[in-house]
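Chemist: quick one, what's the 3D model for this:
(chains A and B)
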Amino acid sequence: MTGDNQKWLENNTFHHGEFWDILDLVKEKEKKDLKISLCIPTLNEEKTIGKEVLILRSELMERYPLIDEFAVIDSGSNDKTLEVAESYGADTYLASEILPEVGDKRGKGENLWKAIHQLKGDIICYVDADISNIHPRFVYGLVAPLIKQAEVQYVKAFYDRPLNYSSGLRSSGGGRVTEILIRPLFSLFYPELTNIIQPLSGEYAARREVLEMIPFPIGYGVETSHLLDLYEKFGLNAFAQTDLDRRVHRNQTTNALGKMSFGILQTFINRLHSQGKIDRVPDVETFYRRFEVEDGSYNQLVQEVVEEERPPMIEIDGYRKRTGNS
Amino acid sequence: MMLETTSKEFDLGNLLQDLPTQIEKLKEARKLVLTDAVLLGEVPSPTFNEEDRIRLTVDRFRENGMEDPEIDEQGNASAVLPGSEGRSSILVMAHADSVFDATTQHVLNVGPDSITGPGIADNAIGLATVVALPKLLKILGITLKDDLILLANTKSLGRGNLEGARYFLDTKQRPISAGICVEGASQGRLSYAGLGTLRGEIRLEVPSNYDWNRFGSSGAVGHLTRIINQLLEIPLPKEPKTKMVLGGLTCGTTYNKTPHRGCLRFEITSEADEVIAELQQKVNDLCEQCSLENGTTVKLEVVATRPNCGIPFTHPLVKATRSIMDEIGITPQVIPSTGDLNVLIEAGYAGVTLGLTHAENIGEENETIQLAPLQAGIAQLVTLLQAIDKGICES
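Modeler: Numbering: from 1, shown residues only, chains lettered A, B, ... in the order given. Predicted structure coming up:
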């Protein structure tokens, strides 16, 4: 692992516990005259949305005025998502009614993109609606690095999703798509981005200035495209990441993950084309990068994986002699 | 004397008049309570391991403006909201422990009309209400003359045997005029007496050198079944009212292995302490008989006891509580307590237990509270607190 990577990990990786003093964050936010908007994109989330609105609004707007605006932007739920969200005090919007002149596309990315137009904050924080163990840390942990460090533009969440434990050492893993698709792809084409521990996490916060500069895929590729586009424009130092501990959420079926991977791959290949990397495929990296955590510090493990190949057996002299094909 | 009674009635009448406004204001303010109920309720807090929930409770006490929140040797969290005069103190308490162990997934689901999840009724919503009281009083514009002591007591349930509350009351430093125990369920509950209780476990063990050829030989299941039958044959008096509940049985692990040990949990409650003592002796005799006749080891372990105690139905505290419930339209259900109230009354204080809302599936993972009755439930608590503060409940 290079020294630069280790330095970035040390300086730009946080734990939500570092920001427990929400009152201090509120003071700093006010001093810097920042406004913060929270957006929850929804589609049929009546089971979990009430709790998210109740907890986040009550703690981060009423008890501590960290959030200035709280919006649920919905893709056209046919359950009681909007009714429940409203009953607990959220401003609710239909994505189709925001910027109607650009039309309506259905997908989470559409809601996130339209939030930039609808919301007024200098910082926008996005939180998925399916978190069962919602807690204020899911928001203050993400906006805090943006309040405190002017150079940070975009903060990703990562979670305690241990894949295995042995002798005090654990792999710090993402979900299945992260480990099977994204990490290998980043190791090949964007080795520096492998420092982002959970590139697909649905919770992140960013400054308006950077969000308004990048395109938003409307479907599964939105998180990946954000990383690739902002990395291209600003480099790794624009990013930070915060450990938000445990996240309890619905488990997706393998079929759903396959569909998600397909969408992400489309976005990824589009970026390879637009960033001129597709031609460099033969020269790709051979180092696979993953993480482990020891005593609270994150270490990147770099392992060389060279996929050597054997020629067709028919081209081997010995084989041809044995089979009489010489 | 006559003049004093009239003045108290007048004061209570004034408080009752304010109830509709209070309930209306609490409709919005209850979100504070619900938030804390979820945040506190999602922290596992099995009896004897309440530390994490207690730590969060203390943080909340501090954030809500309570003075010097502290955790005592038994792990209880308490804090004081100073009154304008501070001549005496009113204690409001809720137990912080829950019957669910740490392996249970403590995730609460918030719906438009209800909250569901392990321990929400017993007693996350009760604890959250106690924690939020200083904020609620502020929202309602109420300043008490007496100091308000808030207590989140530990080791209340099961083998905890009310140890937390007992320790707090044994070591408390302030005079207490009266106490209110807050439970999540059920609204209308009115406890002003503690019911004599004995909780025990009958532990049976078949020794490894057991003679399986002797007459009546059997595994633990067979022996426990015989004990259960004999327990059920013990005559219970109708007066004083007495009840025996066989609450739990653990024995064996599979289909085809004869188990060597088992445990039966039971509770005896009675309006007469001497009846409980007599029944305890009978259970003990039965255990000894089984041990000797069958070559097994059968032991009775008493894990919790409470003597009968109480304040009269006509006590001004009970009368005021009934008037408040009546004004709100709640029908009181008189239920003798086997919980924290026993300790309070045993220690010589007037006290009642109130329930905040309606609940279903108590003790199961889908425990559910209804949200609509909650503001009335909180209003009855706040109004009773005001009544105590005004001296209306003094005997």
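Chemist: what's the distance between A:Thr95 and chain B?
Modeler: Actually, residue A:95 is Ala rather than Thr. Look at A:Ala95 and chain B: by C-beta to the nearest C-beta, to the nearest Å, they are 22 Å apart. (Glycine included, C-beta is placed from N, CA and C.)
Chemist: quick one: the lengthiest helix in chain B near chain A?
Modeler: Scanning chain B for the longest helix, with DSSP state H as the assignment, gives helix B:2-41. Yes - counting by C-beta under 8 Å from any C-beta of the partner chain, contacts between helix B:2-41 and chain A involve B:31-32, B:34-35, B:38-39.
Chemist: can I get those residues in CSV including distance to B:Ile362, neighbour count and pLDDT?
Modeler: Output for the residues of helix B:2-41 next to chain A, formatted as CSV (distance: C-beta to C-beta, whole Å; neighbours: other C-beta atoms under 10 Å in any protein chain shown; pLDDT from 0 to 100):
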residue, distance to B:Ile362, neighbour count, pLDDT
B:Lys31, 23, 20, 93
B:Leu32, 24, 22, 93
B:Leu34, 18, 26, 97
B:Thr35, 22, 24, 96
B:Val38, 18, 26, 97
B:Leu39, 21, 23, 96
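Chemist: for those, which one is nearest A:Leu193?
Modeler: B:Leu39 (34.8 Å; C-beta to C-beta).
Chemist: in contact with the closest residue to A:Leu34 other than its chain neighbours, which residues?
Modeler: Spatial nearest neighbour of A:Leu34, chain neighbours left out: A:Asp122 (4.9 Å); criterion: C-beta to C-beta, 6 or more residues apart in numbering or on different chains. With contacts defined as C-beta atoms under 8 Å, 6 or more residues apart in numbering or on different chains, A:Asp122 is in contact with A:34-36, A:207-208.
Chemist: so which of the residues you listed belong to helices?
Modeler: A:Arg208.
Chemist: what about the contacts of A:Asp122, which one has the most neighbours?
Modeler: A:Ile36 (27 neighbours; other C-beta atoms under 10 Å in any protein chain shown).
Chemist: residues in chain A within reach of chain B, list them.
Modeler: Neighbours of chain B within chain A, by C-beta under 8 Å from any C-beta: A:47-48, A:50-51, A:54-55, A:57-59, A:62-63, A:80, A:83-84, A:87-89, A:132-133, A:135, A:248.
Chemist: any chance of a PyMOL selection covering the buried ones in those residues?
Modeler: To isolate the buried ones among those in PyMOL, judged by 16 or more other C-beta atoms under 10 Å in any protein chain shown, type:
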select buried, chain A and resi 47+48+50+51+54+55+57+58+59+63+80+84+87+88+89+132+133+135
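Chemist: picking up where we left off before, dump the contacts of A:Asp122 to TSV, plus pLDDT.
Modeler: Converted to TSV, the contacts of A:Asp122 look like this (pLDDT from 0 to 100):
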residue	pLDDT
A:Leu34	98
A:Lys35	98
A:Ile36	98
A:Arg207	97
A:Arg208	95
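Chemist: quick check, nearest of the contacts of A:Asp122 to chain B?
Modeler: Minimum distance to chain B across the contacts of A:Asp122 is 19.2 Å, recorded for A:Ile36 (C-beta to the nearest C-beta).
Chemist: which parts of the stretch 201-350 of chain B are strands?
Modeler: B:242-251, B:261-270, B:297-306, B:309-310, B:333-334 (DSSP state E, counting those that start in this stretch).
Chemist: just the stretch 51-200 of chain B next, same as before
Modeler: B:67-71, B:77-81, B:89-95, B:109-110, B:114-116, B:147-153, B:176-185, B:189-191, B:193-194, B:196-205.
Chemist: which of those strands sits closest to chain A?
Modeler: strand B:109-110 (3.7 Å).
Chemist: so what strands line up beside that closest one?
Modeler: Within its sheet, strand B:109-110 is paired with strand B:114-116 (antiparallel), according to DSSP bridges.
Chemist: quick one: mean pLDDT for the partner strand?
Modeler: Average pLDDT, strand B:114-116: 96.
Chemist: could I get the buried residue list for that strand?
Modeler: So, applying 16+ other C-beta under 10 Å, buried residues of strand B:114-116: B:114-116.
Chemist: contacts for that strand?
Modeler: Here strand B:114-116 has contacts from B:34, B:37-38, B:108-109, B:125, B:366-371, using C-beta under 8 Å, 6+ apart.
Chemist: now, of those, which are buried?
Modeler: Burial by neighbour count, judged by 16+ other C-beta under 10 Å, picks out B:34, B:37-38, B:108-109, B:125, B:367-371 from these.
Chemist: assumed A:Asn325 was part of a strand.
Modeler: No - applying DSSP: H, G, I helix; E, B strand; the rest coil, one finds A:Asn325 to be coil, outside a strand.
Chemist: state the distance from the nearest residue to it once chain neighbours are set aside to B:Val334.
Modeler: Distance criterion C-beta to C-beta, 6+ apart; nearest residue to A:Asn325, sequence neighbours excluded, is A:Ile314 at 7.2 Å. Here the criterion is C-beta to C-beta, to the nearest Å. By it, A:Ile314 lies 94 Å from B:Val334.
Chemist: of these two, give the one with the bigger neighbour count.
Modeler: Remark: of A:Ile314 and B:Val334, B:Val334 carries more neighbours, 13 against 9, as counted by other C-beta under 10 Å.
Chemist: can you tell me the closest non-neighbouring residue to that one?
Modeler: Leaving aside its sequence neighbours, B:Val334 sits nearest to B:Leu190 (C-beta to C-beta, 6+ apart; 5.4 Å).
Chemist: returning to that earlier point: could I get the residues of helix B:2-41 next to chain A as TSV with distance to A:Ile218?
Modeler: Shown next, in TSV, are the residues of helix B:2-41 next to chain A (distance: C-beta to C-beta, whole Å):
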residue	distance to A:Ile218
B:Lys31	34
B:Leu32	38
B:Leu34	35
B:Thr35	33
B:Val38	32
B:Leu39	34
